[in-house]
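Q: Coordinates for the following, if possible.
(one chain, ligands or ions: 1)
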Amino acid sequence: MFRTSEYQQYCREEFESGRSSIYAKRPRESAHAGLAFDVPIGLQTQNVISIFAKHGFIRAELKNNDLVHFEWVNWQSMSRQEQAYAN
Ligand SMILES: [Zn+2]
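A: Coordinates of the predicted model:
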């Protein structure tokens, strides 16, 4: 789901405090404002993963053990201005 910056901040605070085990970046560092969504692991069949990949959405936060997170593949290479515009 896409998130407002207020909700992203809430998710970050929940993660930082340990109340949530789901990794969350700070609002301006997150693609969730428009170019990312989370999918429960149980729904991530190979077919679903390849359809997302075909449309440019990949699991980009595996290094942070964020297994539910899909984001647009070019998010990281966008400038801050482009990222803000996408929000
Ligand atoms: Zn996510």
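Q: Setting aside sequence neighbours, what's the nearest residue to the spatially most central residue of the chain?
A: In the chain, the centroid-proximal residue (CA atoms, centre = their mean) is residue 36; its distance is 4.2 Å. Distance criterion CB to CB, 6 or more residues apart in numbering; nearest residue to residue 36, sequence neighbours excluded, is residue 71 at 3.7 Å. From N, CA and C alone the C-beta is placed, and that goes for glycine too.
Q: Please look at that neighbour and residue 38 and confirm they touch.
A: No. Counting by CB atoms under 8 Å, residue 38 is not a contact partner of residue 71; they are 9.8 Å apart.
Q: Of those two, which one has the most company?
A: residue 71 (22 against 16; other CB atoms under 10 Å).
Q: still on that earlier bit, dump the residue contacts of the residue nearest to the centre of the chain.
A: 2, 30, 57, 60, 69-72, 75 (CB atoms under 8 Å, 6 or more residues apart in numbering).
Q: The ion next: which of the residues you listed are close?
A: Among the contacts of residue 36, the residues lying close to the ion (CB under 5 Å from the ion) are residue 69.
Q: what does the protein have sitting close to the ion?
A: With CB under 5 Å from the ion as the criterion, the chain comes near the ion at residues 38, 69.
Q: Give me the next element, helix or strand, following the helix or strand that contains the residue nearest to residue 36.
A: Element membership for residue 71 (DSSP states H and E) is strand 69-72. Beyond strand 69-72 on the C-terminal side, the first helix or strand identified by DSSP H and E is helix 80-86.
Q: Look up the closest residue to the residue of the chain found nearest the ion, ignoring the ones flanking it.
A: In the chain, the residue that lies nearest the ion is residue 69 (3.3 Å; CB to the ion). Residue nearest to residue 69 in three dimensions, not counting chain neighbours: residue 61, with 4.5 Å by CB to CB, 6+ apart.
Q: For residue 81, see how far away the one you found is.
A: Residue 61 is 23 Å from residue 81, where distance means CB to CB, to the nearest Å.
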